[in-house]
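[1] can't give you the sequence, but here's the structure:
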Ligand SMILES: Nc1ncnc2c1ncn2[C@@H]1O[C@H](COP(=O)(O)OP(=O)(O)OP(=O)(O)O)[C@@H](O)[C@H]1O
């Protein structure tokens, strides 16, 4: 079953066409790397999948239904780029993870024992239990990413959208995050993540999508990340950093 199915997706910001006739599918359990130069439309694609920007045309279906249903049912979570988050917000790491449970709580937003247990489990899963009381801005880049992934785990999300999870992250954290993402997909969750780490994609992704406003190629990393395709997307041979 296609967890993500996108057809002819076109999104403009005034005169700028960020996405132009985007078509691709991602099957359940895939760890899919979204690759493209800066400005190729990766963040816009995530925002469109989350319903945060209005497409000019095209269709998005998630889990076989319209995207609103996936959002309402808490099936989808989004880990934005670090610059899109206000890190001064006075919330603890635990509070951030607890936000994943809001859909389960009544209007009082009072967590039940089940909510607390889900938060504890998610914090353990990402190795942040020891930092749960810290203000979110006091974490390292990699720890912040893990906190947001924990929010998605607590929510019970089956589809995770990660915008550059390795940006501003040290090598140790990067390895930890890769291991975490691999184990999440092994359990059947689906992950779409943008990355500039081209060398890492064939190692741990099971699908790659090459974006340049439209999809230049989608398939196995070996089939997608060919020199010819990369030259088309990046204007040169394979590069480590785009
Ligand atoms: N809010 C906005 N208003 C106007 N133009 C925008 C807006 N957001 C993005 N754009 C433009 O849309 C295009 C796609 O941008 P987008 O951020 O989706 O690309 P990206 O691949 O995620 O880039 P990066 O890798 O730098 O994050 C770019 O030309 C960008 O300048």
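    Happy to help now that I have it. The structure displayed is predicted, hence computed values, not measured ones.
[2] check contacts around the closest residue in space to residue 54 that isn't next to it in sequence.
    Leaving out its chain neighbours, the residue that sits closest to residue 54 by C-beta to C-beta, 6 or more residues apart in numbering is residue 11, at 7.7 Å. Every C-beta, even on glycine, is put in place using the N, C-alpha and C of the backbone. If you count contacts by C-beta atoms under 8 Å, 6 or more residues apart in numbering, residue 11 has them with 17, 18, 19, 41, 44, 48, 53, 54, 55, 56.
[3] Now do the contacts for residue 64.
    Contacts for residue 64 (C-beta under 8 Å, 6+ apart) come out as 1, 2, 5.
[4] For the ligand, state which of those residues is nearest.
    residue 5 (20.0 Å; C-beta to the nearest ligand atom).
[5] Bridge partners for that closest one, pull those for me.
    residue 25, residue 61 (DSSP bridges).
[6] surely it meets residue 23?
    No: between residue 5 and residue 23 there is no contact under C-beta atoms under 8 Å: 9.1 Å.
[7] higher neighbour count, those two?
    residue 5 (17 against 14; other C-beta atoms under 10 Å).
[8] What residues does the more buried one make contact with?
    So residue 5 contacts 25, 59, 60, 61, 62, 64 (C-beta under 8 Å, 6+ apart).
[9] Report the spatially nearest residue to residue 123, omitting neighbours in sequence.
    residue 129 (4.6 Å).
[10] how far away is the one you found from residue 210?
    Between residue 129 and residue 210 the computed distance is 38 Å (C-beta to C-beta, to the nearest Å).
[11] So for the two, which residue has more residues nearby?
    residue 210 (25 against 16).
[12] I'd assumed that one was in a strand, is it?
    Yes: applying DSSP: H, G, I helix; E, B strand; the rest coil, one finds residue 210 inside a strand.
[13] How about it: which residues does it bridge to?
    residue 35, residue 217.
[14] which ones are touching the nearest residue to residue 201 once chain neighbours are set aside?
    Leaving aside its sequence neighbours, residue 201 sits nearest to residue 33 (C-beta to C-beta, 6+ apart; 4.2 Å). By C-beta under 8 Å, 6+ apart, the residues touching residue 33 are 193, 194, 195, 200, 201, 205, 207, 208, 209, 221.
[15] Now the strand or helix carrying residue 33: buried residues?
    For residue 33, the enclosing helix or strand under DSSP states H and E is strand 31-35. Buried residues in strand 31-35, counted by 16 or more other C-beta atoms under 10 Å: 31, 32, 33, 34, 35.
[16] Beyond that strand, next helix or strand please.
    helix 42-50.
[17] and that next one, what other elements does it pack with?
    strand 2-13, strand 16-27, strand 57-62, helix 67-72, strand 76-79, strand 159-163, strand 190-194 (3 or more C-beta pairs under 8 Å, 6 or more residues apart in numbering; DSSP states H and E).
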